[in-house]
Structures are given as structure tokens and as C-alpha cells.
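**Student:** Test case, fold it:
(chains A and B)
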2 protein chains.
Amino acid sequence: MLSETLYQAIEKELQRVVALTRQPGLEEMHHMLAYHMGWQGEGAGPGARGKRIRPLLVLLSAAAAGGEWPEALPAAAAVELIHNFSLVHDDIQDQSPLRRGRPTVWTKWGAAQAINAGDTLFTLAQMALLRLGETVSAEVALRAAIVLQESCLSLTQGQYMDLSYESRGNLTLEAYWPMVSGKTAALLAACTQLGALAAQASDPVCRSYQRFGKLLGLAFQALDDLLGIWGDAALTGKSTESDLLSGKKSLPVLYGLGKGGRFAARWTQGSITAADIPALAAQLEMEGGRQFTLERANRLTDQALDALAEASPHGEAGEALTALAKKLLQREA
Amino acid sequence: MLSETLYQAIEKELQRVVALTRQPGLEEMHHMLAYHMGWQGEGAGPGARGKRIRPLLVLLSAAAAGGEWPEALPAAAAVELIHNFSLVHDDIQDQSPLRRGRPTVWTKWGAAQAINAGDTLFTLAQMALLRLGETVSAEVALRAAIVLQESCLSLTQGQYMDLSYESRGNLTLEAYWPMVSGKTAALLAACTQLGALAAQASDPVCRSYQRFGKLLGLAFQALDDLLGIWGDAALTGKSTESDLLSGKKSLPVLYGLGKGGRFAARWTQGSITAADIPALAAQLEMEGGRQFTLERANRLTDQALDALAEASPHGEAGEALTALAKKLLQREA
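**Tutor:** Numbers count the residues shown, from 1 in each chain, chains lettered A, B, ... in the order given. Model prediction:
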């Protein structure tokens, strides 16, 4: 199957790049990175690696845009390393003890080493990308580097907003989209755009792929926010997994805060425990938060699939790309 | 004067790049960066900016290698932003309250925002460099990006060593050079090499500039370590500025630890206070630590100036480059 072939090639490229840090006296440094990437240490394995959605999007976009996917491998490795750099730093910033069920880098090696491990992954991402100069051309590598840097800037801007929202009480819906555009959608937009760029597709085609990636990211986030309150795990399963408990400023929460009704009053009051979750979720649903989020997610999903159709993805990769998008957006593939 | 012209051009280029973050709703994020760069906030001004040695080295190397220094401005801004990204993260890692006499970013905005501010400067450095594609060519921009990334990887490796040394008791001199090569010399080597690259100098000339930068970095660090114990401020002035108090694993300290004499015994015992400094410095000097460090610093300084002479720097810029090196190494200019 195409996706499995790509997944294997992605792991190999990632391991090649991370191995650049493997030097005498630096074995532990390499191990920290290999641990985070899910290759080494307790709990290593596919479950500890994440789904590698971003590099898959790069390679499928490259092939669907008429290119040879192996030529896009440097960009695929780069986006996954950027994603993982941001996760390592996010976990320090949020003081999260676990990532994919395993202790986070900062809990194992301390915040100082974890900051440096994230910086290393960031550097490796840049190094990975520049190999496009060998697989395609210097011009494409340079254009790709600019695309990647712009998405990184958006990422840091989204992260700034996310961090600053924690201490702000007066947030409304307006605050949501710029934050999510930066934190989630910008890197996904870079993935699909980089794939098309590596395939040397025309500018309009590159723009369609970029638009698809961005809308995919926004739709995915809206859906994720919906499931974070009304998904099985959050509601009927363990209330401890509810976004209402973690205090996340998600789309339905910001909708509810904007309404200024009973949900907003209870939320603002604070000290929400697991026992409060079912009633609080029901209150937010009654005020229209669920319906609003569902409509937004559906509309964005339709727009994302339209943008992909506009890009006219070719062949088996095109079908796989459409299937991946539908799976991420929980539509029938 | 040439250096003053360059300094002004560097500030302008840096401000242009950092202004990329200035967007509606992100004023505070831009301010954090402008504060760290010494342009805004309490205590802003030349003293808060550092000496911009690295970008000066880039521009002087470019001009001395026969190029037009304005074409190298993207590389000059890039290295200064890399340096400052590493300072912002260093300050969190070392929990330093002050940087250039002002509160550090993390003490003002918290560690989470400071990690993100460092990441933003790192991203801006990459963006800055890629403008070499406009001022010179795509090929040069790509080669320059590879040089910069490799120095960043060395930087993170040096930082890993520095952080891991804190908890290691059995350090010897062997541990010193790889750490300093990464933390200090790699970026200085990139500065001089990037200048020569932007000037499109031949490969052997680029290598001579790189070698000069690396040796300059090593010599500078050895000298800095000497002054950190036997300099006026450390010894006769405020003992609180002595590296013996901060516990820094500097060259003379590692020499002394390798000797395994009375200095090593006292150091290993710990709990060193300001009152202990004069006697401890005298003990280390008696065991040969001062002489050893001075000889190393002098030899590296000679090697650095030889490497620069080999590069045959041209004209006023060449003279200014030699003068800058001599000033940094405390030789008569």
C-alpha cells in the first residue's frame, strides 16, 4: 500500500537526519531525540511516534501534483521535525507530564535540556529541508525554505497567543481563528504547499494545495475541539479527558464565553472538577455551542475538500490524499 | 568610520527583520523581542545591545574578501539573531536574572513566553539569511543556509555538553575544547565564512576565513576564562564576578581539576563564597592554571591572526577586521 511505503521512507529519512547528532560523547543527546521521536527508550514503537500526518501530506501532495515523492522526502522530514520541536517546547510550556502516553522529555531530562533538545530538532528540520537542493534544485530549496520559515513564524505567533490567552479573561470568538491559524493550520498549509513545490507544480496549483492544507488544519481543529467536549472519551468515557477540565480555550468554549450566559458564568468562576463536566457540557450544548462548532467544522471540511478538488490531484496518490483528508475529518473515505 | 557605518546598517537590517512580527494583536510579542535586542523598554540603548561583534565580523569579512558588504547584510542579521536566540534560551536554562544589566526576558514574561521568544528569534534568523537569495544568488543563499545550520547544530551540541557538565564531577581538560568549539567558536567560524561566501570568494579563501573565525572564538574564550578568574573585576574588584563563584567549568578550572591537587579538593568540596575567592585563585595560579591558560590563549591568538593573514584581507575592511580581532584578543590594534 502506498501510505505504508511512504511511512517507511519517512521514518528512514527522519532517522538519517536525527543521526547527524550521533557523535562520540553525545550519545545521550541523540537518545533524547530518538526517545521523543518514538524510536528508543521505554514505550518506543509506532504508538509513540504519532501518525506522521504532516510528512504524509507532503509526499502525497508531491505525488498528486505530478512529482516523484522521493524527491520531496527532505521537506517531509523537515515538517515532522518542526512539529516535534514545537511539541517538545509545548510540553515544557504547558508542564505536561505525558506525551503519547510516555513521560515527556522535560520530565525525564529537565527543562534546560528539553529546551535544547527542541532547539536541536528545529535545527535538524532546517538541515533536512536544504537537501531539496540535491533532490530538486537550489531555487526550489530556497523557495521551500521561505515557505517553511513563514509557517514557523506563524507557529510562534499562534503559540504566543495561546500562552497569552491563559491569563486573559475577556476572550471571545475573534481570538480563536488567528490562534488556530498559527498553531495548527500554518504548518499543514506548508506541508501541502511544500509537496506541490517539490513537484515543481505551477504557482496556481501550489496555491490550491496551500489553501487545502490550511482549510484542512482549521477544519481538523474545529472538529478536534468538538470531540474534546462531546466526543466519547470526553463525555461518556473519562471526563478527565474533557477540554472543559483542562481549561482549553477551544472553539465551543469561546462561543459560550461570547454568549455571556450560565456557561460563561460557571466557567469564569473556575474550580471545575470532573464531576461538573456532564452538566457543564450540557449547558454549553443548550446555549448552542455544540451546534455552532459542528456547523463550522462541516463548512470548513467542505471548503477543504473543495480546495483539494480544485488542485486536481492525480492518480493513486491523489486518491490517497483525498482519503487521508476524509479520514482526518471523519468523513467516509 | 567604517565600523560605525556598518553598525548602523546592522541595526537597520535587524529592526527590519524583527518588525516582521509586528502585527495587530501581537504588539507585546514584538516588544519582547525589541526589548531583548536593546531597542525598547527600560534601559534600552547601545549598552543593552551588546557589541554586535558577530554581524560586524560577517560584513568586514565580506568586504575584506573583495565583496560588497551591503550584500552580506542578510547573513549579518542572521548570525546576530542566532546569537540572541541562544542568549534568551541560555538565560532560562541558567536561570539568570540579568542580561547586560537588565532583567532577562524570562524574568519579565515567564519561561513559557521566553522559550517562544527564543524560538521566534531563531525563525527570524532563518528568514533573514534567505534574503541572500535576493542580494547575491539562490546558490549562495543555499550554501550559506547550510553553513548557518551546521553552526546551529554545533551550538546545540555545545550547549548539551555545558548543561550536562553541571552534574558531572569527573571533568577534565578533554571536556573543554569540544564544548567551547560548539558554544562559542562554531558561530564565529560561521560569521567569517558567511562573509567570504557572500563575497563569492573561492573555496580556499572561504576556508581560511572559517579557520580564522574558529580560532578567534577559541582564543577569545580562553582569554575570557583567564579574565574570569584573574581579571580586574574578578580578582581585585568584586569577587562576585569571579567564575570561581559561579561554578563555571572554565579552562583554568578544568586544568586545576585535572591536577587533582588542593584546588581540586577545595572546588569539589563546594560551598565556595566570595571570601574564599582570593585564596582559591592564588592556589589555582600556584598549581599552574593561570600560566597554562595564558599560554593557550596566546598560542590560539597567534594562530587566529596567522589564519587571518593567510586569507589576505583587502583594503580598509581588512585593516578593520585585523584591528577588531586584535581588540577582542586584547592585543594592541
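
**Student:** export the host helix or strand of residue A:318 as CSV, just CAs?
**Tutor:** Counting by DSSP states H and E, the element that carries residue A:318 is helix A:315-328. Provided in CSV are the C-alpha atoms of helix A:315-328 (Å, rounded to 0.1, in the frame of the first residue of the first chain):
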residue,chain,number,x,y,z
GLY,A,315,-3.6,9.1,-9.6
GLU,A,316,-3.2,6.8,-6.7
ALA,A,317,-1.6,9.5,-4.6
GLY,A,318,-4.5,11.8,-5.3
GLU,A,319,-6.9,9.2,-4.1
ALA,A,320,-4.8,8.5,-1.0
LEU,A,321,-4.7,12.2,-0.3
THR,A,322,-8.4,12.6,-0.5
ALA,A,323,-8.9,9.5,1.6
LEU,A,324,-6.5,10.8,4.3
ALA,A,325,-8.3,14.2,4.4
LYS,A,326,-11.7,12.5,4.8
LYS,A,327,-10.3,10.2,7.5
LEU,A,328,-8.9,13.2,9.4
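
**Student:** And the contacts of it?
**Tutor:** Judged by Cβ atoms under 8 Å, 6 or more residues apart in numbering or on different chains, the contacts made with helix A:315-328 from elsewhere in the structure are A:2-3, A:53, A:56-57, A:59-64, A:69, A:212, A:216, A:220, A:304-305, A:308, A:312-313, A:332-333. All C-beta spots, glycine's among them, are computed from the backbone N, C-alpha and C.

**Student:** How about stretch A:280-295?
**Tutor:** Under the criterion Cβ under 8 Å, 6+ apart, external residues in contact with stretch A:280-295 comprise A:222, A:225-226, A:229-230, A:234-235, A:242, A:244, A:251-253, A:255-256, A:259, A:261-263, A:266-267, A:272.

**Student:** if you skip the residues just before and after it, what's nearest to residue A:161?
**Tutor:** Spatial nearest neighbour of residue A:161, excluding adjacent residues (Cβ to Cβ, 6 or more residues apart in numbering or on different chains): residue A:179 at 4.2 Å.

**Student:** tally of neighbours for that neighbour?
**Tutor:** A total of 23 residues lie near residue A:179 under the criterion other Cβ atoms under 10 Å in any protein chain shown.

**Student:** The one 4 residues further on now?
**Tutor:** When counting by other Cβ under 10 Å, one arrives at 22 neighbours for residue A:183.

**Student:** Same check on the one 10 residues further on?
**Tutor:** Residue A:193 has 30 neighbours, counted by other Cβ under 10 Å.

**Student:** pretty sure it is touching residue A:210, no?
**Tutor:** Yes - A contact is recorded between residue A:193 and residue A:210 when judged using Cβ atoms under 8 Å, the distance being 3.9 Å.

**Student:** Pull the distance from stretch A:196-204 to the chain's centre.
**Tutor:** 23 Å (Cα atoms, centre = their mean, to the nearest Å).

**Student:** Which members of the contacts of helix A:315-328 occur in helices, if any?
**Tutor:** Those of the contacts of helix A:315-328 mapping onto helices are A:2-3, A:53, A:56-57, A:59-64, A:212, A:216, A:220, A:304-305, A:308, per DSSP state H.

**Student:** Can I have the buried ones of those as a PyMOL selection?
**Tutor:** When burial is assessed using 16 or more other Cβ atoms under 10 Å in any protein chain shown, the buried subset of those is captured in PyMOL by this command:
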select buried, chain A and resi 2+53+56+57+59+60+61+62+63+64+212+216+220+304+305+308
